[in-house]
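Peer 1: after the sequence you'll find the predicted model.
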Amino acid sequence: MRKIKAYLLAVSLITLIVSCSTKTVWDVRDYGAVADKTTINTKSIQKAVDECNKAGGGTVLITEGTYLSGTILLKSNVNLKVAEGATLLGSINPNDYPAVEPFIDATGQYRGQCFIGAIDVENASITGKGTINGQGEMFTPANIKKTVKKLGITLDKPDLTGLISKTNKYVSSTIRTSNRPFLVRMVRSKNVKLVDIHLRQPAAWTLHFLECNNFEVNGISIHSHANRNNDAIDIDSSTNGVIRNATIDSGDDAICFKSTSPKPTTDIEVYDCKLKSHWGAIKFGTESMGDFKNITVRDCFVHDTKGGGIKILSADGANVDNILIENITMENVEMPIFIRLCERRLVYRNAERKPVGSINNVVIRNITAKVTDTVDLRMNPPTGFYFSGTPNHKLGKITIDNVKVDLPGGGTLEDAKIVVPENEIQYPEFTKLGVTPAYGLYARHIENLKTSNVSFTLRGKDERKEVVKINVN
């Protein structure tokens, strides 16, 4: 009898050990999460994440319904899976979003709050065919005031110690606490990825990689029109990344390479994406302290984009080098290609101010673009290519090959006489420089510009020249 009891006890212990060691899924409902669109589930979901991490990793599952929450911080070896039919919905209370690695951006706004965050982690991911929705429309100044009154709360005040640069001149002289959380923010993390997830309506940027190494984005969709400055994907001082099969509809930049620190953004590949934007579809800058190097964007469709199809900007000291953009089709865009080197030299994260940067070894090829009609343009009449360095800092080698641009025309004889201002330290945007005396290519201050098999077609009359070059070799 004793042998039988001992045997049964041993079997029970082995079964328990095996069952514990093979657990792979942590369902948030087991930790008290409720999908009633009312309960704030932050603590329950965070506990599931923490327990998953302590056990060595696995999947934290969100399924069947809509779960309201504040900031969730991912941990190493944790996959947050939002299953198809499930929604992770952001709380409307600004105090539910603590800052993750806060900073002051170029406009003077305090940034860093986020819905889903990760800081100094490895092997974290967000997957599933469900939805993460930030309810960004509730974070306008007017709606925040309504929320504060309705909830009877006082807004938490951030600690700005060490964040405001002594040498900086922000776009706005006033430092503002906007209380607008990013949707997903990965900070100093390695081997992180997002797959298949639907990201919706952030209050600020949608997906931000800051100083990350080895990241992957595959098959996600983004819709971001709930607030202002709501970029879709920002690759910020990050390296070794792949973005593919993304479908983006954004009120601000769609895919944007940034450097809000002196560290570079390098070795990135973007392909097979469908991009729509109200400002820039494929953009480098404007925050640009660290260098941009070894970046390829290919095989993408850009449509209904008001601010620019391809924009390469160095404003704050970035050396932009070895950039390849190829096989891009653009429909209904405003500015097909804009390249600008200027001398703004803003500072972020209290770093040392950098000297003026450079743009060199840029290849843009196999591009077809149709510019939208003049009634919808911010700069009217438009120009196909707008390239400009400054008198003291020229663009380097720029190669444009096999490009066709269809334009609406509309330029007058008076437009043909325009002298474009230099505006060396102004925000680097084509609307700031204004209409050019060329409908096809306006280029100035370039050391080495090579164009081949480039054609411009007009749908209407244009009295300007096709090409104007000033101080160009």
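Peer 2: Here it is on my side, so go on.
Peer 1: please name the nearest non-neighbouring residue to residue 137.
Peer 2: Leaving aside its sequence neighbours, residue 137 sits nearest to residue 226 (CB to CB, 6 or more residues apart in numbering; 4.2 Å). For the C-beta atoms, the positions are set from N, CA and C on the backbone; glycine is no exception.
Peer 1: before we move on, what about residue 34?
Peer 2: On the basis of CB to CB, 6+ apart, the spatially nearest residue to residue 34 that is not a chain neighbour turns out to be residue 41, at 6.6 Å.
Peer 1: isn't the one you found up against residue 33?
Peer 2: Yes: with contacts counted by CB atoms under 8 Å, residue 41 reaches residue 33, the gap being 4.3 Å.
Peer 1: find residues that contact each of those two.
Peer 2: With CB atoms under 8 Å, 6 or more residues apart in numbering applied, the overlap between the contact sets of residue 41 and residue 33 consists of residue 67.
Peer 1: who's more crowded, those two?
Peer 2: Looking at residue 41 and residue 33 with other CB atoms under 10 Å, you find the greater number of neighbours at residue 41, namely 27 against 22.
Peer 1: quick one, what contacts the more buried one?
Peer 2: Counting by CB under 8 Å, 6+ apart, residue 41 makes contact with 28, 32, 33, 34, 67, 68, 69.
Peer 1: buried subset of those residues?
Peer 2: Taking 16 or more other CB atoms under 10 Å as the criterion, what is buried in the contacts of residue 41 is 28, 33, 67, 68, 69.
Peer 1: name the nearest of these relative to residue 436.
Peer 2: Here the nearest of the buried ones among the contacts of residue 41 to residue 436, counting by CB to CB, is residue 69; it sits at 49.2 Å.
Peer 1: wait, isn't the closest one in contact with residue 91?
Peer 2: Yes: using CB under 8 Å, residue 69 and residue 91 qualify as a contacting pair, with a distance of 6.3 Å.
Peer 1: which residues do those two both contact?
Peer 2: When CB under 8 Å, 6+ apart defines a contact, the residues bordering residue 69 and residue 91 alike are 40, 42.
Peer 1: residue 253 and residue 276: what is the separation?
Peer 2: Residue 253 sits 11 Å away from residue 276, taking CB to CB, to the nearest Å as the criterion.
Peer 1: comparing the two, which shows the higher neighbour count?
Peer 2: The neighbour count for residue 253 versus residue 276, taken as other CB under 10 Å, is higher for residue 253 (31 against 23).
Peer 1: which element is the more buried one on?
Peer 2: If you go by DSSP states H and E, residue 253 is not part of any helix or strand.
Peer 1: output the contacts of residue 41 in CSV, with pLDDT, distance to residue 283 and secondary structure appended to each entry.
Peer 2: Rendered in CSV, the data for the contacts of residue 41 read as follows (pLDDT from 0 to 100; distance: CB to CB, whole Å; DSSP: H, G, I helix; E, B strand; the rest coil):
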residue, pLDDT, distance to residue 283, secondary structure
28, 98, 36, helix
32, 97, 42, coil
33, 98, 38, coil
34, 98, 41, coil
67, 98, 33, strand
68, 98, 33, strand
69, 98, 31, strand
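Peer 1: ok, back up a step: tabulate the buried ones among the contacts of residue 41 (TSV), appending distance to residue 449.
Peer 2: Shown next, in TSV, are the buried ones among the contacts of residue 41 (distance: CB to CB, whole Å):
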residue	distance to residue 449
28	56
33	58
67	54
68	54
69	52
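Peer 1: among those, which two are most distant?
Peer 2: Greatest spatial distance in those: 28 and 68, 11.9 Å, computed using CB to CB.
Peer 1: hang on, the earlier thing: looking at the contacts of residue 41, which is nearest residue 350?
Peer 2: Proximity of these to residue 350 was ranked by CB to CB; the top entry is residue 69 with 32.2 Å.
Peer 1: how about the closest one, what does it touch?
Peer 2: Taking CB under 8 Å, 6+ apart as the definition of contact, the neighbours of residue 69 are 40, 41, 42, 45, 88, 89, 90, 91, 96, 115.
Peer 1: could you list the low-pLDDT ranges of the stretch 1-150 of the chain?
Peer 2: Per-residue confidence of the stretch 1-150 of the chain (counting by pLDDT under 70) places the weak regions at 1-21.
Peer 1: show me where it has strands.
Peer 2: Listed from the start of the chain, the stretch 1-150 of the chain has strands (DSSP state E, counting those that start in this stretch) covering 25-27, 58-62, 65-69, 72-73, 78-82, 86-90, 99-104, 109-119, 125-127, 131-133.
Peer 1: ok, residue 351 touching residue 262?
Peer 2: Yes: under the contact definition of CB under 8 Å, residue 351 touches residue 262, with a separation of 5.0 Å.
Peer 1: what do the two both touch?
Peer 2: Any residue near both residue 351 and residue 262 by CB under 8 Å, 6+ apart counts here, and that gives residue 289.
Peer 1: turn the strands of the stretch 1-150 of the chain into a markdown table, columns for distance to residue 430.
Peer 2: As requested, the strands of the stretch 1-150 of the chain are arranged in a markdown table below (distance: least, CB to CB, whole Å):
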| stretch | distance to residue 430 |
| --- | --- |
| strand 25-27 | 50 |
| strand 58-62 | 43 |
| strand 65-69 | 41 |
| strand 72-73 | 39 |
| strand 78-82 | 39 |
| strand 86-90 | 34 |
| strand 99-104 | 26 |
| strand 109-119 | 23 |
| strand 125-127 | 35 |
| strand 131-133 | 33 |
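Peer 1: which one, of those, ends up nearest to residue 394?
Peer 2: It is, among the strands of the stretch 1-150 of the chain and with distance given as CB to CB, strand 99-104, at 31.2 Å.
Peer 1: SS state for the residue nearest to residue 137?
Peer 2: When states are read from DSSP: H, G, I helix; E, B strand; the rest coil, the local structure at residue 226 comes out as coil.
Peer 1: go ahead and confirm it touches residue 180.
Peer 2: No: in this structure, residue 226 is not within contact of residue 180 by CB under 8 Å, at 9.9 Å.
Peer 1: any residues in contact with both of those two?
Peer 2: Shared contacts of residue 226 and residue 180 (CB under 8 Å, 6+ apart): 136, 139, 203.
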